[in-house]
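Undergrad: Below are the sequence and a predicted model for it; my questions follow.
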Amino acid sequence: MSQFERLTIDDIARLAKVSRTTASMVLNGYAERYRISKATVERVLQVAAEHHFSPSQSARALRSRRSHTIGLVIPDLTNSAHSALAQAVETQCRERGYQMMMVTSDEDPALETECIAHLVARQVDGVIVVPCATDPQHYQKWLKRLPIVFVDRAVEGLPVPSVITDATGIVAGLIGDALAAGAREVVYFGGQPEISASRDRLAGYTQALAAHGLPVRDELVFQRDYQRESGYAMMQQWFAAHQRYPEVLFVGAITLLEGVLAFLNEQHKLTQAPGRLLTFDDHQLLDCLPLSIDAIVQDANGLAGESLSRVLALLEGQTQAGSTRVPARVHYRSPRAAVL
């Protein structure tokens, strides 16, 4: 038996010496409609406040068919880009009178399915998902259950709105700056190639090379996943093969950068590094390093706001929510015109 006492509305009614119906009307904001006296309202509210009681959200959800809760599925909370997104979604949900319920998929499609099922069972009004699966059938069964919006990544073949960073152009511009400064060797470390975000970032790399008359060399492109360990492994693989660091290294995510930096620190205490280090996603701690790392900054607030607006629009029956791309910017820490 639990040691904790859970008060019910019947308990509040008994302590306030009113009927259950009267207590319910007062606590759910219907006192004026049913002409309940001011003295009775004050007595019920005082008892509720003294016992830190609030009406059951589950009961309200059953009556109104709305829980005022939005689900968020992200792959990994230790990824600072995803944690920033989660914080922005939570803040904007609260500002709009909603609560956020978050689960993590660990980049596992099977676990992601369990996560979404858990949110549905909790009667969330809609779900924002950073998808880890690429098969549209993986999400098909949820489309008639509740509004779904994809954020950060898109899944082709589904009528699901997606809100993603406009990555290709910003990546091309950042890498293009290094090429314009004289670089001719740009190594690319990326995540799962089948994911839309990976394709967009690689497309920016390819676009930058083409703009400077350079071919894509397979031996300069490495793709695994977005785990920290993969960043370490790719840097280790490159260094073992060349016994030096690349002229320029572009890293497709902050988690991969963490792995790269771990290798640099382990081998040379950060005293040796690529001639220029570029990354997708930023973090304030990069300002504290002895290396000048240029970073693409995603707009977490913009991604959150556009995603939440689309979920709420779908919830209100607007079938043409549409997809969008959110601009990003570059945080330069190295001189843009430096000769490498």
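TA: The structure has been received and is ready for your questions. Numbering: from 1, shown residues only.

Undergrad: helix or strand right after the worst-scoring helix or strand of the chain on mean pLDDT?
TA: In the chain, the helix or strand scored least confidently by mean pLDDT, DSSP states H and E is helix 57-64, which has a mean of 49. As assigned by DSSP states H and E, the chain's next helix or strand after helix 57-64 is strand 69-74.

Undergrad: Kindly export that following strand (C-alpha atoms) in PDB.
TA: Below are the C-alpha coordinates for strand 69-74, written out as PDB (Å, rounded to 0.1, in the frame of the first residue of the first chain):
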ATOM      1  CA  THR A  69      -0.700  18.100 -23.600                       C
ATOM      2  CA  ILE A  70       1.700  17.900 -26.600                       C
ATOM      3  CA  GLY A  71       4.100  15.000 -27.000                       C
ATOM      4  CA  LEU A  72       7.700  15.400 -28.100                       C
ATOM      5  CA  VAL A  73       9.800  12.500 -29.300                       C
ATOM      6  CA  ILE A  74      13.600  13.200 -29.700                       C
END
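
Undergrad: and whichever helix or strand comes after it, which residues are buried?
TA: Toward the C-terminus, strand 69-74 is succeeded by helix 80-95 as the next helix or strand (DSSP H and E). When neighbours are counted by 16 or more other CB atoms under 10 Å, the buried residues of helix 80-95 are found to be S80, A81, H82, A84, L85, A86, A88, V89, E90, Q92, C93. (Glycine included, C-beta is placed from N, CA and C.)

Undergrad: Quickly check those residues for the two that are furthest apart.
TA: Between all members of the buried residues of helix 80-95, the longest pairwise span (CB to CB) is found for S80 and C93 and amounts to 20.1 Å.

Undergrad: just to revisit the earlier point, including distance to M234 and pLDDT, could the buried residues of helix 80-95 go into a markdown table?
TA: As requested, the buried residues of helix 80-95 are exported to a markdown table (distance: CB to CB, whole Å; pLDDT from 0 to 100):
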| residue | distance to M234 | pLDDT |
| --- | --- | --- |
| S80 | 19 | 92 |
| A81 | 19 | 93 |
| H82 | 21 | 95 |
| A84 | 24 | 96 |
| L85 | 25 | 97 |
| A86 | 27 | 97 |
| A88 | 30 | 97 |
| V89 | 31 | 97 |
| E90 | 33 | 96 |
| Q92 | 35 | 96 |
| C93 | 37 | 95 |
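
Undergrad: Flag the shaky bits of the stretch 1-150 of the chain, pLDDT-wise.
TA: For the stretch 1-150 of the chain, residues meeting the criterion pLDDT under 70 lie at 1-6, 54-66.

Undergrad: circling back: just name the closest of the buried residues of helix 80-95 to L220, please.
TA: Nearest to L220 out of the buried residues of helix 80-95 is A81 (CB to CB; 24.4 Å).

Undergrad: Could I get the contacting residues of the spatially closest residue to the closest one that is not a sequence neighbour?
TA: Once its chain neighbours are removed from consideration, A81 has its nearest residue in D281; the separation is 4.5 Å (CB to CB, 6 or more residues apart in numbering). In this structure, D281 makes contact with S80, A81, A253, I254, L257, A295, I296, V297, Q298, judged by CB atoms under 8 Å, 6 or more residues apart in numbering.

Undergrad: measure D281 to N301 for me?
TA: 15 Å (CB to CB, to the nearest Å).

Undergrad: same deal with R35?
TA: 45 Å.

Undergrad: Between the two, tell me which one has more neighbours.
TA: For R35 versus N301, neighbours defined as other CB atoms under 10 Å are more numerous around N301 (16 against 7).

Undergrad: Shouldn't that one be within a helix?
TA: Yes - secondary structure of N301 (DSSP: H, G, I helix; E, B strand; the rest coil): part of a helix.

Undergrad: how close does it sit to S196?
TA: N301 sits 21 Å away from S196 when distances are taken as CB to CB.

Undergrad: Check Y34 too.
TA: If you go by CB to CB, the gap between Y34 and S196 works out to 53 Å.
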